[in-house]
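Engineer: whatever this is, show me its structure:
(chains A and B)
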Amino acid sequence: MSIHNKEQLLLKGLAANEATAIETIYRENFAVIQSFILKNNGFYEDARDIFQEAMIVLYEKAASESFELTCQIKTYLYSVCRRLWLKKLQQAQRYNPAIEVGDEIIPVEEELEMHEKKNEELILMEQAMDKIGEPCKSLLEAYYFEKKSMPEIADHFGYTNADNAKTQKYKCLVRLKKIFFAQYKNGD
Amino acid sequence: MDDILLLDAIERYKNGEMTPQEKIFLEELRKNNPDIDQLAVEHLFFLQQLQNTADRKAYRQSLNEVEEKLINEGVIAKSKSSGKLIYLWNRYRRTIAVAASIAGIVSIFTAGMFTAYNSKKSEQVITPLVDIKFKEVDAKLKKIETKLNQAAIPAPAIPVKPKIEANFRATGFLIDISGYIVTNAHVINKAKNLIVENKEGEQFFARAVYVSGSTDLAILKISDTSFKKFNLLPYSIKRSSAELGEQIFTLGYPRDEVVYGEGYLSAKSGYAGDTSSYQISISVNPGNSGGPVINKNGEVIGIISSKETNAEGVVFAIKSKNIYKALEEIKGEEAIKLPSKGTIKGLDRVQQIKKIEDCVFMVKGN
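Structural biologist: Numbering: from 1, shown residues only, chains lettered A, B, ... in the order given. You can find the predicted model right below:
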């Protein structure tokens, strides 16, 4: 199998949140990123955060309909990590790193801008989730995140039947929606 | 409740759970009612966002699981790399210089470094309490001394002590009778030679056996053969959390002589909500870094690490339970036994200090 085909397969797995695909990519790429970050003023924890952020960017890319990979995964990850880390260093006003030129990189600025916007939206949702309080939060998480069935939820949360749980779920959802859109529209 | 019915319909529509008839009905409804259509658009968008959040969360979890697996397999090394030290050094270099500009006695030697850094604005608001400028004071004093000596003829012989020229000074304290000392990581960063000195002025060579940038803890081992084992340490190291308002005290070396200070625990978290440290109210100075924070029962509850630059008496101390964590990390390499029970509970403060001060060391090096 050519490298290209192998990578296409990996990305397909990534988009489906398959553990084996994630593991393969993690295994093959983390060390490079770690040594890059450690060389440039970071800790292991920084390397992990940056790498995982880049993995999310890759995941989003792989999951998008217009997906097309124009370079190898390792080049892509390295480019994204490099950009993210530079940005973080600049924000933290740590000293200016000497990052070696000569590594193969591709421009990723635009993609990272999109990624950031998406991150912001997700943060809004998470904040809204935090604000609705319990049991709403757990209830919605059980249904929308963990994909539990209504009878299961009714049983777990102590509702007399699935219909009751469902009504409760919608009440919570309406509240969440209100909070989310209040923030979302403010942000525009 | 019509709204809920509608939301439910939209959700089933999205999930493809509708019969063809229902689907047509809903689509007709949307076509003929702009309000309903807008609600549908909005709700579909919202559900998509919720779905994205869920996917992201699941994916993050997968990433963490893979990370943990690879760490366990040894594919990924959580290296105690020099990167941390370089980072710490770079992080503190500026702060230390700024701190130096704030402290009073420095003003006599407005050296190049100070002016250079003073002109830059720094956003750092915490100050590590390691004293790096005393060497310069020392040098200055020596110069004056030499001048005075030259003036007085014949020149009396200056007693020369065989010692390393140190360029920083801080505090540390014993945690094991055989000579293990806890101090801050930022204190010893980059030091090639480390010396600890007791209150009698006896010096011993030491080496770092543990340095953690993230907790800012370091453990030194006295490597000097002239060091005599202690029989007993007077204090114990507290594993659990200390209480708000507890009276505390510290001993340290902001000067060449051991200095006592007392205060109270003012918050259970440190700078910017850092839960691995406490905020304490106490008067400390550069050089106090690494000193023990002890409660009235003679338990070490923390290690002084830094203070807020712009506020007096706002000091941060690393929680003592981090010492236990550190020992856990190096238990294969170093056999360190923490004192299990203190011996100074119930004594009055003067007696307590008498027993403790032998165990508190000045940490110096270059």
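Engineer: let me know the pLDDT of residue 173.
Structural biologist: If you meant another chain, say so; for now it's chain A. Here, the pLDDT recorded for residue A:173 equals 90.
Engineer: that answer is for a different chain, and I need it for chain B
Structural biologist: Looking at residue B:173, its pLDDT is 94.
Engineer: didn't it look like it was pressed against residue B:358?
Structural biologist: No - taking C-beta atoms under 8 Å as the definition, residue B:173 is not a contact partner of residue B:358, at 10.1 Å. Backbone N, C-alpha and C define where each C-beta goes, glycine included.
Engineer: show me which of the two is the more surrounded one.
Structural biologist: Applying other C-beta atoms under 10 Å in any protein chain shown to residue B:173 and residue B:358 shows that residue B:173 carries more neighbours, namely 27 against 15.
Engineer: need the contact list for the more buried one.
Structural biologist: Residues near residue B:173 by C-beta atoms under 8 Å, 6 or more residues apart in numbering or on different chains: B:181, B:182, B:183, B:251, B:290, B:291, B:292, B:300, B:359, B:360, B:361.
Engineer: so which of those belong to strands?
Structural biologist: Among the contacts of residue B:173, DSSP state E puts B:181, B:182, B:183, B:251, B:292, B:300, B:360, B:361 in strands.
Engineer: filter these down to the buried ones.
Structural biologist: The neighbour count (16 or more other C-beta atoms under 10 Å in any protein chain shown) marks B:181, B:182, B:183, B:251, B:292, B:300, B:360, B:361 as buried among those.
Engineer: in the sheet, who's paired with the first one?
Structural biologist: For residue B:181, the beta-bridge partners are residue B:174, residue B:220 (DSSP bridges).
Engineer: closest point of chain A to chain B, which residue?
Structural biologist: residue A:38 (3.5 Å; C-beta to the nearest C-beta).
Engineer: in the one helix or strand that residue maps to, what's buried?
Structural biologist: Residue A:38 belongs to helix A:19-39 when elements are defined using DSSP states H and E. Across helix A:19-39, burial judged by 16+ other C-beta under 10 Å covers A:21-26, A:29-30, A:33-34, A:36-39.
Engineer: I'd like the next helix or strand past it.
Structural biologist: Next along the chain after helix A:19-39, taking DSSP H and E as the criterion, comes helix A:44-63.
Engineer: buried residues, that following helix. List them.
Structural biologist: Neighbour-count burial for helix A:44-63 flags A:44, A:46-63 (criterion: 16+ other C-beta under 10 Å).
Engineer: return the alpha-carbon coordinates of the following helix or strand past it using PDB.
Structural biologist: Next helix or strand after helix A:44-63 toward the C-terminus (DSSP H and E): helix A:73-92. Extracted C-alpha coordinates of helix A:73-92, given in PDB (Å, rounded to 0.1, in the frame of the first residue of the first chain):
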ATOM      1  CA  ILE A  73       0.300  13.700   7.900                       C
ATOM      2  CA  LYS A  74       3.600  14.400   9.600                       C
ATOM      3  CA  THR A  75       4.200  17.500   7.700                       C
ATOM      4  CA  TYR A  76       0.700  18.700   8.400                       C
ATOM      5  CA  LEU A  77       1.000  18.100  12.100                       C
ATOM      6  CA  TYR A  78       4.400  19.600  12.300                       C
ATOM      7  CA  SER A  79       3.200  22.700  10.500                       C
ATOM      8  CA  VAL A  80       0.200  23.100  12.800                       C
ATOM      9  CA  CYS A  81       2.200  22.500  16.000                       C
ATOM     10  CA  ARG A  82       4.900  24.900  15.000                       C
ATOM     11  CA  ARG A  83       2.300  27.600  14.300                       C
ATOM     12  CA  LEU A  84       0.400  27.000  17.500                       C
ATOM     13  CA  TRP A  85       3.500  27.000  19.600                       C
ATOM     14  CA  LEU A  86       4.900  30.100  18.100                       C
ATOM     15  CA  LYS A  87       1.600  31.800  18.800                       C
ATOM     16  CA  LYS A  88       1.600  30.600  22.400                       C
ATOM     17  CA  LEU A  89       5.200  31.800  22.900                       C
ATOM     18  CA  GLN A  90       4.300  35.200  21.600                       C
ATOM     19  CA  GLN A  91       1.200  35.500  23.800                       C
ATOM     20  CA  ALA A  92       3.200  34.500  26.900                       C
END
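Engineer: how far is helix A:73-92 from where the chain is centred?
Structural biologist: Helix A:73-92 has its average C-alpha position 15 Å from the chain's average C-alpha position, going by C-alpha atoms, centre = their mean, to the nearest Å.
Engineer: show me what that helix is in contact with.
Structural biologist: A:7, A:10-11, A:25, A:28-29, A:32-33, A:36-37, A:40-42, A:46, A:50-51, A:53-55, A:57-58, A:69, A:96-97, A:99, A:103-109, A:111-112.
Engineer: what does stretch B:231-241 give?
Structural biologist: With C-beta under 8 Å, 6+ apart as the criterion, stretch B:231-241 contacts B:174-177, B:268, B:292, B:294-295, B:298-301, B:319-321, B:323-324, B:338-344, B:352, B:355-356, B:359.
Engineer: what residues does the residue lying farthest from the centre of chain A make contact with?
Structural biologist: For chain A, the largest distance from the centre (C-alpha atoms, centre = their mean) belongs to residue A:160, which lies 36.7 Å off. By C-beta under 8 Å, 6+ apart, the contact set of residue A:160 is residue A:154.
Engineer: wait, a strand at it?
Structural biologist: No - applying DSSP: H, G, I helix; E, B strand; the rest coil, one finds residue A:160 to be coil, outside a strand.
Engineer: ok now stretch A:144-164, how far from the chain's centre?
Structural biologist: Worked out by C-alpha atoms, centre = their mean, stretch A:144-164 lies 28 Å from the chain centre.
Engineer: endpoint to endpoint, it covers what distance?
Structural biologist: 17 Å (C-alpha to C-alpha, to the nearest Å).
Engineer: stretch A:131-150: end-to-end distance?
Structural biologist: In stretch A:131-150, first residue to last residue: 23 Å (C-alpha to C-alpha).
Engineer: please consider this matter closed, and thank you.
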